[in-house]
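Chemist: sequence? don't have it. structure:
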């Protein structure tokens with residue numbers, strides 16, 4: 001099924017696609033490699049996100065959760081609030097100004113998880129960090 005390389009500054013992670021989210025995977029693949037800024041969550045707790053602005057993914061709910069565990073990566077398709085990718089580094093209750101939301105759990109970090117806390121610390125205290133997500137061959 002393949003893996004993803006995720007680089008946040010000089011921190012490196014490897015994630016695996018989740019088999020339970022094939023439509024989400026297929027919708028995200030054309031966006032890769034994704035180069036953006038990773039910013040700290042406003043409402044959700046210990047997570048960092050990549051905002052999509054007005055862009056929406058044409059996928060409904062699939063393998064969705066409001067409480068991703070550390071290392072789980074979810075995408076919110078943008079129905080009620082701004083679309084985004086969220087990486088949990090600690091406790092998360094996924095929400096927005098409108099209230100609790102659910103995102104599709106499409107990938108899980110399998111290598112580098114010991115760096116998640118440092119990623120969260122940097123984004124919170126040092127500001128937005130460069131992030132690159134790409135699929136490994």
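Modeler: Cool, got the structure. All of these numbers come straight from a predicted model, not from anything done at the bench. Numbering: from 1, shown residues only.

Chemist: Around residue 38, count how many other residues there are.
Modeler: When counting by other C-beta atoms under 10 Å, one arrives at 24 neighbours for residue 38. (Glycine included, C-beta is placed from N, CA and C.)

Chemist: what's the answer for the one 10 residues further on, then?
Modeler: For residue 48, the count of nearby residues is 26 (other C-beta under 10 Å).

Chemist: got a list of what it touches?
Modeler: With contact taken as C-beta atoms under 8 Å, 6 or more residues apart in numbering, residue 48 is in contact with 8, 38, 39, 40, 41, 86, 87, 89, 119, 120, 123, 129.

Chemist: top of the residues you listed by neighbour count?
Modeler: residue 87 (29 neighbours).

Chemist: That one contacts residue 36, doesn't it?
Modeler: No: here residue 87 lies out of contact with residue 36, judged by C-beta atoms under 8 Å, at a distance of 11.9 Å.

Chemist: ok, back up a step: what is the nearest of the contacts of residue 48 to residue 55?
Modeler: Minimum distance to residue 55 across the contacts of residue 48 is 15.2 Å, recorded for residue 86 (C-beta to C-beta).

Chemist: Would it be right to say that that closest one lies in a strand?
Modeler: Yes: applying DSSP: H, G, I helix; E, B strand; the rest coil, one finds residue 86 inside a strand.
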